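Enquirer: give me coordinates for this.
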Amino acid sequence: MKTSDSEPELPRGIALAWGVAATPQRGPRRELSVEGIVATAMEIADAEDLTAVSMTAVAAKLGYTTMSLYRYVSAKEDMVLLMYEQAFGVPPRPDGDVGWREAARALFDSQLAVYRARPWVLDIPIRGIPSTPNTVAWMDAGLAAFESTPLSQADRLSATLLLSGQAYWQSLIERMYTQAAPDESTLEEVERSWEQMLRSLVTAEQFPAVSRVLEEGLLGPESTNDPFAVGVELVLDGIARLVDASQGGLPHGSGQQPEAEEPDESEAAPAGPRSVEIEAAVMKETAVREASRKRREAETKLREAETKLREAQRKEQDVLAKSRERARKRAGK
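Expert: Sure thing, here's the model as predicted:
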């Protein structure tokens, strides 16, 4: 659809997400809506997985024909795009005046919580830069986390994408483990089996580094090492070095090392994986999902109101332009 003479045509799914798509006239039964279709599709994905989601399955669950859905969502791809948008929702707001590291880590943990609560989101292909309201809001929150730093806009964007990619990669690996071992006892058995197999195959002469890791028990179920927690801290430490270099006026990529500073307690990383597990569990609660549904409905109404406001403003400008043209013609006679 084309929103105006000066604006580009938007794909239907993106136009629906931003609330600028034309809404079809509803029939006698008014229960069917884009929001209801997407919510039902998400229920199916939550109960099974993304492969179970189809226009036919959603229509059947709603009690409509498949063709009736196409008046609201023109393709399955559009429906999946809106599912992704609603699954992420809006990003959390920082609690008070926190340092950049705490704000960035909170966003990272919240993104992990979304993936853990709804792992089917990981099956939705990433087709480009954020293009829907909520995904743009997450990028905006990531960039805003670094506003107190001297980082350039390019470095802020790079840091935001780096942390987002770390959360995505960690979630993929965690889901693979979950699929291999659906409960903790099974996971322990799988890890012990793999450890024993490696011990029988790896020799110190052929793989000395891996052998030392095995000897320290870092790959078995009894290991207290959390490589994911270390990974995100290394990413944050790298960003901290970049911040320090920017504060010291060192050119980006110069290889020079700024003087070490005492860590700022206000920027200390919050609690690790346990807090993410708690957040994921919270997001699965019925009351939380109901509150999220009401918030989405309010956001939809707000976007609809904003669309009507833009249309009214355009009509006002058209009327004013025509009125001025008529006035000029009368004045020229």
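
Enquirer: okay, CA-based contacts and neighbour counts for the rest of this
Expert: Fine.

Enquirer: burial of T66, as a residue count?
Expert: T66: 16 surrounding residues under other C-alpha atoms under 10 Å.

Enquirer: then S131?
Expert: S131: 16 surrounding residues under other C-alpha under 10 Å.

Enquirer: so who does it touch?
Expert: By C-alpha atoms under 8 Å, 6 or more residues apart in numbering, S131 lies in contact with I14.

Enquirer: now V230
Expert: Per C-alpha under 8 Å, 6+ apart, neighbours of V230: none.

Enquirer: try it again at 10 Å.
Expert: L236 (C-alpha atoms under 10 Å, 6 or more residues apart in numbering).

Enquirer: next one: the one 10 residues further on
Expert: Each residue near A240 by C-alpha under 10 Å, 6+ apart is listed here: 100-101, 149, 234, 246, 263.

Enquirer: let's have the residues you listed in JSON lines, adding pLDDT and neighbour count.
Expert: Listed next are the contacts of A240 as JSON lines, based on pLDDT from 0 to 100; neighbours: other C-alpha atoms under 10 Å:
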{"residue": "W100", "pLDDT": "96", "neighbour count": "22"}
{"residue": "R101", "pLDDT": "96", "neighbour count": "22"}
{"residue": "T149", "pLDDT": "96", "neighbour count": "17"}
{"residue": "L234", "pLDDT": "95", "neighbour count": "12"}
{"residue": "S246", "pLDDT": "90", "neighbour count": "17"}
{"residue": "P263", "pLDDT": "48", "neighbour count": "9"}
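
Enquirer: pipe those into TSV and attach secondary structure and distance to A287 per row.
Expert: Putting the contacts of A240 into TSV (DSSP: H, G, I helix; E, B strand; the rest coil; distance: C-alpha to C-alpha, whole Å) gives the following:
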residue	secondary structure	distance to A287
W100	helix	31
R101	helix	31
T149	coil	38
L234	helix	36
S246	helix	45
P263	coil	39
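
Enquirer: flag the shaky bits of the stretch 1-150 of the chain, pLDDT-wise.
Expert: Residues of the stretch 1-150 of the chain meeting the criterion pLDDT under 70: 1-8, 23-30.

Enquirer: what about the strands in it?
Expert: Counting by DSSP state E, counting those that start in this stretch, the stretch 1-150 of the chain has no strands at all.

Enquirer: helices of that one, start to end?
Expert: Assigned by DSSP state H, counting those that start in this stretch, the stretch 1-150 of the chain shows helices spanning 12-18, 34-47, 55-62, 66-69, 76-88, 100-117, 133-145.

Enquirer: chain center to the first one, what's the gap?
Expert: Relative to the centre of its chain, helix 12-18 is centred 17 Å away, using C-alpha atoms, centre = their mean, to the nearest Å.

Enquirer: give me the helices and strands touching it, please.
Expert: Judged by 3 or more C-alpha pairs under 10 Å, 6 or more residues apart in numbering; DSSP states H and E, the packing partners of helix 12-18 are helix 34-47, helix 76-88, helix 133-145, helix 286-332.

Enquirer: how does the protein divide into domains?
Expert: Following automatic domain parsing, one gets these domains for the chain: 1-86, 89-180+226-286, 184-216.

Enquirer: ok, back up a step: JSON lines for the helices and strands packed on helix 12-18, including mean neighbour count and distance to A159?
Expert: Formatted as JSON lines, the helices and strands packed on helix 12-18 follow (neighbours: other C-alpha atoms under 10 Å; distance: least, C-alpha to C-alpha, whole Å):
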{"stretch": "helix 34-47", "mean neighbour count": "19", "distance to A159": "31"}
{"stretch": "helix 76-88", "mean neighbour count": "21", "distance to A159": "20"}
{"stretch": "helix 133-145", "mean neighbour count": "19", "distance to A159": "8"}
{"stretch": "helix 286-332", "mean neighbour count": "13", "distance to A159": "28"}
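
Enquirer: of those, which approaches V202 most closely?
Expert: helix 34-47 (40.7 Å; C-alpha to C-alpha).

Enquirer: what's the angle between that closest one and helix 55-62?
Expert: Here the directions of helix 34-47 and helix 55-62 differ by 100 degrees (axes from the mean of the first three to the mean of the last three C-alpha atoms, to 10 degrees).

Enquirer: so D140 touches P92, yeah?
Expert: No - with contact defined as C-alpha atoms under 10 Å, D140 does not count as touching P92 (11.5 Å).

Enquirer: returning to what we had before: could I get the contacts of A240 as a markdown table with distance to T203?
Expert: Below are the contacts of A240 laid out as a markdown table (distance: C-alpha to C-alpha, whole Å):
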| residue | distance to T203 |
| --- | --- |
| W100 | 45 |
| R101 | 41 |
| T149 | 48 |
| L234 | 30 |
| S246 | 46 |
| P263 | 41 |
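
Enquirer: nearest to I14, of those residues?
Expert: Here the nearest of the contacts of A240 to I14, counting by C-alpha to C-alpha, is W100; it sits at 31.0 Å.

Enquirer: gap between the most centrally placed residue in the chain and E35?
Expert: The chain has F88 as the residue nearest its centroid, 5.0 Å off, counting by C-alpha atoms, centre = their mean. F88 sits 15 Å away from E35, going by C-alpha to C-alpha, to the nearest Å.

Enquirer: got it, and D109?
Expert: Applying C-alpha to C-alpha to D109 and E35 gives a distance of 27 Å.
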